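Enquirer: Quick one, what's the 3D model for this:
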Amino acid sequence: MGRHPLSVVILTKNEAAHIRECLQSVAWADERLVIDDESTDDTAAIAASLGARVVRRRMDNEGAHRNWAYAQAAHLWILSLDADERVSPELAEEIQRSLISEPPWNGAVIPIRNYLGPHWLRCGGWYPAEKLRLFRRDRFRYEEALVHPRAFMPWPEGRLTGDLLHFGYRDFEECFEKLNRHTSLEAQKWLKEGRKVSLLSALRRSLDRFLRAWIRKQGWREGFIGFVMAFYQGWYQWLSFLKHWELKQTESTHGQPAEVGVPIRPDASPRPSEAGLARRSGLARPSLFARETVPARPSRRRPHGTPPRWLTHKPAKSLRLLSPW
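Expert: Residues are numbered from 1 along each chain as shown. Coordinates of the predicted model:
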């Protein structure tokens, strides 16, 4: 008896540097479907040359985009990948073996082996970062969130042991470029959900994420790289809070929501002058960071040549009565 057919669904956006190796690692799959988010490089051409079916669609919401992509697959069982991931030979063999007969679960989590450049991040919560990637599409869905959507699937849930290799960060520069992009989406997600985030909770969560990665998850074993990646996890929370605060200030000032780093009006510069903002809005405080004008306090400094106050101050009446002089 043959195994159940499998569709591998890969989401791409300018992934010409990764898509070839990703598709080659799943050459054994019954279908390879690439959902391309309007790439401007050779991603789609490379995928088509390797026999993959390519569908172009703009991604506005990650969760909704993924759900739509899975619905385009030809088969019931789905293996969901990103272009910077590779299926290890051990995982490929385990998946094919699991689908020979009807699995006793609706989906299975897979351990993710994350890399920073050539360095395998073994500690700090980066391994095994298990994720639900193999599932029946009729029993699985993502929440419609802008970034990092949660997965929903009824039990039972299986667990595979082969690693999925994730080459997500070429170097520190790419690492923090993704941090900036993802925190902007996270802030917009919080604003859309109406989440209330205080300064104290943001500080607490940032410190908690750092300490959990550095101490509890033993990120210190990775040395300097472990410290940087623990800082990365804490800074993610703090930067998301700052951008969320900025969005709320913009919304309350101008009466309409705005994206992080995007001008309020198309003809506006990224940081318009305070005079320009005042002219457009007519508000007393046009800038997010402007301060109200406060009258200067009178100086308490004693003029030169004036005797100290205690020399000219008359003692209280009660003290004069008690004084022997």
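Enquirer: how much space between Glu157 and Gln188?
Expert: 30 Å (C-beta to C-beta, to the nearest Å). Bear in mind the C-beta positions are built from the backbone N, C-alpha and C, glycine included.
Enquirer: which of the two has more neighbours?
Expert: Gln188 (20 against 13; other C-beta atoms under 10 Å).
Enquirer: Dihedrals phi and psi, the more buried one?
Expert: Gln188 adopts backbone torsions of phi -70, psi -40, taken as degrees, to the nearest 10.
Enquirer: Please report the confidence value the model assigns to it.
Expert: We note a pLDDT of 89 for Gln188 in this prediction.
Enquirer: Double-check it against His182; I have them as touching.
Expert: No. Contact criterion C-beta atoms under 8 Å: Gln188 and His182 do not qualify, at 10.8 Å.
Enquirer: Setting aside sequence neighbours, what's the nearest residue to the residue most central in space within the chain?
Expert: Centroid check for the chain by C-alpha atoms, centre = their mean gives His182 as the closest residue, at 3.4 Å. Excluding its sequence neighbours, the residue lying closest to His182 (C-beta to C-beta, 6 or more residues apart in numbering) is Val147, at 5.7 Å.
Enquirer: so that neighbour touches Lys192, yeah?
Expert: No. Between Val147 and Lys192 there is no contact under C-beta under 8 Å: 11.1 Å.
Enquirer: out of the two, which sits in the more crowded spot?
Expert: Taking other C-beta under 10 Å, Val147 and Lys192 do not tie; Val147 has more neighbours (17 against 13).
Enquirer: who are the neighbours in contact with the more buried one?
Expert: 62, 182, 185-186, 189 (C-beta atoms under 8 Å, 6 or more residues apart in numbering).
Enquirer: What is the most widely separated pair among those residues?
Expert: Farthest apart among the contacts of Val147 by C-beta to C-beta are Glu62 and Glu186. That separation is 11.2 Å.
Enquirer: contacts for stretch 201-210?
Expert: 230-231, 233-238, 241.
Enquirer: do the same with stretch 29-44
Expert: 5-16, 19, 23, 26, 47, 50-59, 65, 69, 72-75, 79, 83.
Enquirer: so which of the contacts of stretch 201-210 is the most crowded?
Expert: Most surrounded of the contacts of stretch 201-210: other C-beta under 10 Å gives Ala230, at 25 neighbours.
Enquirer: Which residue ranges of the chain form strands?
Expert: Using DSSP state E, the strands found in the chain span residues 6-12, 31-36, 53-56, 77-82, 85-87, 107-110, 112-116, 119-120, 131-136, 141-142, 151-152, 157-159, 164-169.
Enquirer: Let's have these in JSON lines, adding distance to Glu246.
Expert: Formatted as JSON lines, those follow (distance: least, C-beta to C-beta, whole Å):
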{"stretch": "strand 6-12", "distance to Glu246": "29"}
{"stretch": "strand 31-36", "distance to Glu246": "32"}
{"stretch": "strand 53-56", "distance to Glu246": "33"}
{"stretch": "strand 77-82", "distance to Glu246": "29"}
{"stretch": "strand 85-87", "distance to Glu246": "33"}
{"stretch": "strand 107-110", "distance to Glu246": "36"}
{"stretch": "strand 112-116", "distance to Glu246": "29"}
{"stretch": "strand 119-120", "distance to Glu246": "34"}
{"stretch": "strand 131-136", "distance to Glu246": "31"}
{"stretch": "strand 141-142", "distance to Glu246": "27"}
{"stretch": "strand 151-152", "distance to Glu246": "30"}
{"stretch": "strand 157-159", "distance to Glu246": "39"}
{"stretch": "strand 164-169", "distance to Glu246": "26"}
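Enquirer: Help me confirm that Ile10 comes into contact with Leu79.
Expert: No. If you go by C-beta under 8 Å, Ile10 and Leu79 don't touch, sitting 9.3 Å apart.
Enquirer: Who are the contact partners of Arg139?
Expert: 106-107, 153-154.
Enquirer: Next, the angle strand 164-169 makes with whichever helix in the chain runs longest.
Expert: As assigned by DSSP state H, the longest helix anywhere in the chain is helix 224-254. Interaxial angle of helix 224-254 relative to strand 164-169 (axes from the mean of the first three to the mean of the last three C-alpha atoms, to 10 degrees): 70 degrees.
Enquirer: Of all the residues in helix 224-254, which ones are buried?
Expert: Across helix 224-254, burial judged by 16 or more other C-beta atoms under 10 Å covers 225-241, 243-248, 250, 253-254.
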